[in-house]
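Student: Below is the sequence, then the predicted model.
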Amino acid sequence: MTSEKLGRIKELTKEELWGRAERWEKSERIVLFDEMKRLLASAACRWTGVPLENAEEKERADDLYAMVDAFGAVGPRHWKGRIARTKTEGWISGIIEQIRHGNIRPEQDSPASIIANHRDHNQLPFNTHVAAVELINLLRPIVAIATYVTFGAVALHDFPEYKEKIKEDREYLRWFVQEVRRYYPFGPILGAIVRKDFTWRGYRFESGTLVLLDIFGTNHDPRIWKNPKLFWPARFQNWDGDPYRLIPHGGGDYLKHHRCAGERLTAEVMEICFDFLVNHLEYQVPRQNLHYSLRRMPTLPKSGFIMENVRKKPAGD
């Protein structure tokens, strides 16, 4: 998560966007969510040093997202995610073994190489399965950013007045990213089991109790946010950055608390994608079902955001 490494994933995302736009121009319509899953899977694999053939891109992207889609599911969706996890762990375990045997040679400072060649204090390597899980823990969340990009496209469609502001002011684009993360639901809750009895602000938490952090509720709490039901990026103009108020990736400091370490990566990739949608792409949005259910976890606009007549904007436009 160094600035250099974050810069690289941003470059790769840009490259993928420009490359995919060539294909999108040849299609009558695309589903943005599906396209972003594959685009981000490709960028994530390139960033981590995992080889990904074009023929397997869709399958791997779908499996990586199915793991995300299963976290709040029961029944068929849950089992689909478990099957996808088994397949993905098998695939990445094979990659780890090939790196260790010298059959695949990613860059030395790539995550795939670092994880495959890591040694503990006894100079022993990770168990292959553990190494695979750690590498998947980088791939899967990047593919999940497709959800935020889709919600951002919905916001640009529902609130078109912000397009011009984004074009004119780079800082406004950053506020827009933050507001998408605040306003739209992705993971509505986080759960944890109490390990030891404790009391906090007069509330008793007993060992073994399931505790839920209300992410969506906190991000829409009128005691914290003025007019929380209003989509208003400028609310972040003078925001103090309180890590316990904006919590789409958990609360607190990611170095000390249970906040996602990939939050900055997520925000910066979103920024690249929204900049592309606004400044480099023209498209039409046909009638479709953009409703998303707050009873589904994670949720998504039902249509996945359909775009028609996609065209790259002429240079200088």
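Tutor: That came through, no problem.
Student: For stretch 169-182, list every residue counted as buried.
Tutor: Residues 172-182 are the ones in stretch 169-182 that count as buried (16 or more other C-beta atoms under 10 Å). All C-beta atoms are positioned from the backbone trio N, CA, C, and that covers glycine.
Student: Can you redo the residues you listed as CSV, where the extra columns are pLDDT?
Tutor: As requested, these are arranged in CSV below (pLDDT from 0 to 100):
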residue, pLDDT
Tyr172, 97
Leu173, 97
Arg174, 97
Trp175, 98
Phe176, 98
Val177, 98
Gln178, 98
Glu179, 98
Val180, 98
Arg181, 97
Arg182, 97
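Student: Pick the one among those residues closest to Leu32.
Tutor: Nearest to Leu32 out of these is Val180 (C-beta to C-beta; 13.9 Å).
Student: after the helix or strand containing the closest one comes which helix or strand?
Tutor: If you go by DSSP states H and E, Val180 is part of helix 170-183. Sequence-wise, the next helix or strand downstream of helix 170-183 (DSSP H and E) is strand 189-193.
Student: Neighbours of Val149, how many?
Tutor: 25 (other C-beta atoms under 10 Å).
Student: Please look at it and Cys273 and confirm they touch.
Tutor: Yes: counting by C-beta atoms under 8 Å, Cys273 is a contact partner of Val149 at 4.7 Å.
Student: distance from the centroid: which residue in this protein tops it?
Tutor: The C-alpha centroid of the chain is most remote from Gly202, which lies 35.6 Å away (C-alpha atoms, centre = their mean).
Student: Got the phi and psi for that one?
Tutor: The phi/psi pair for Gly202 (degrees, to the nearest 10) reads phi 90, psi 0.
Student: residues touching it, list them.
Tutor: If you count contacts by C-beta atoms under 8 Å, 6 or more residues apart in numbering, Gly202 has none.
Student: Please, where are all the strands along the stretch 1-150 of the chain?
Tutor: 29-31 (DSSP state E, counting those that start in this stretch).
Student: Please apply the same query to the stretch 151-300 of the chain.
Tutor: Using DSSP E, counting those that start in this stretch, strands in the stretch 151-300 of the chain cover 189-193, 198-200, 203-205, 210-214, 281-284.
Student: So which bits of the first one are buried?
Tutor: Using 16+ other C-beta under 10 Å as the test for burial, strand 189-193 gives Leu190.
Student: okay, now Ile215: neighbour count?
Tutor: Counted with other C-beta under 10 Å, residues neighbouring Ile215 total 20.
Student: Hmm, Arg182 and it touching each other?
Tutor: No: Ile215 is beyond contact range of Arg182, at 10.0 Å (criterion: C-beta under 8 Å).
Student: what would the strands of the stretch 151-300 of the chain look like in JSON lines with mean pLDDT and distance to Glu53?
Tutor: Output for the strands of the stretch 151-300 of the chain, formatted as JSON lines (pLDDT from 0 to 100; distance: least, C-beta to C-beta, whole Å):
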{"stretch": "strand 189-193", "mean pLDDT": "89", "distance to Glu53": "35"}
{"stretch": "strand 198-200", "mean pLDDT": "96", "distance to Glu53": "50"}
{"stretch": "strand 203-205", "mean pLDDT": "96", "distance to Glu53": "49"}
{"stretch": "strand 210-214", "mean pLDDT": "93", "distance to Glu53": "39"}
{"stretch": "strand 281-284", "mean pLDDT": "97", "distance to Glu53": "27"}
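Student: For Asp317, give me the pLDDT.
Tutor: We have a pLDDT of 58 for Asp317.
Student: likewise Arg311?
Tutor: Confidence at Arg311, expressed as pLDDT, is 96.
Student: ok so it is a strand residue?
Tutor: Yes: assessed by DSSP: H, G, I helix; E, B strand; the rest coil, Arg311 belongs to a strand.
Student: Next, the buried residues of stretch 116-127.
Tutor: Under 16+ other C-beta under 10 Å, the buried positions of stretch 116-127 are 116, 126.
Student: Dump the C-alpha coordinates for that stretch into CSV.
Tutor: The C-alpha trace of stretch 116-127 is given here as CSV (Å, rounded to 0.1, in the frame of the first residue of the first chain):
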residue,chain,number,x,y,z
ALA,A,116,5.2,-17.2,-2.3
ASN,A,117,8.7,-16.7,-1.1
HIS,A,118,8.0,-15.4,2.4
ARG,A,119,9.8,-17.1,5.3
ASP,A,120,8.7,-17.0,9.0
HIS,A,121,11.1,-16.6,12.0
ASN,A,122,12.0,-20.3,11.6
GLN,A,123,12.8,-19.7,7.9
LEU,A,124,9.9,-21.8,6.9
PRO,A,125,7.6,-20.8,3.9
PHE,A,126,3.9,-20.3,4.2
ASN,A,127,1.8,-23.4,3.9
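Student: before we move on, back to that, give me the common contacts of Val149 and Cys273.
Tutor: Counting by C-beta under 8 Å, 6+ apart, the residues touching both Val149 and Cys273 are Met36.
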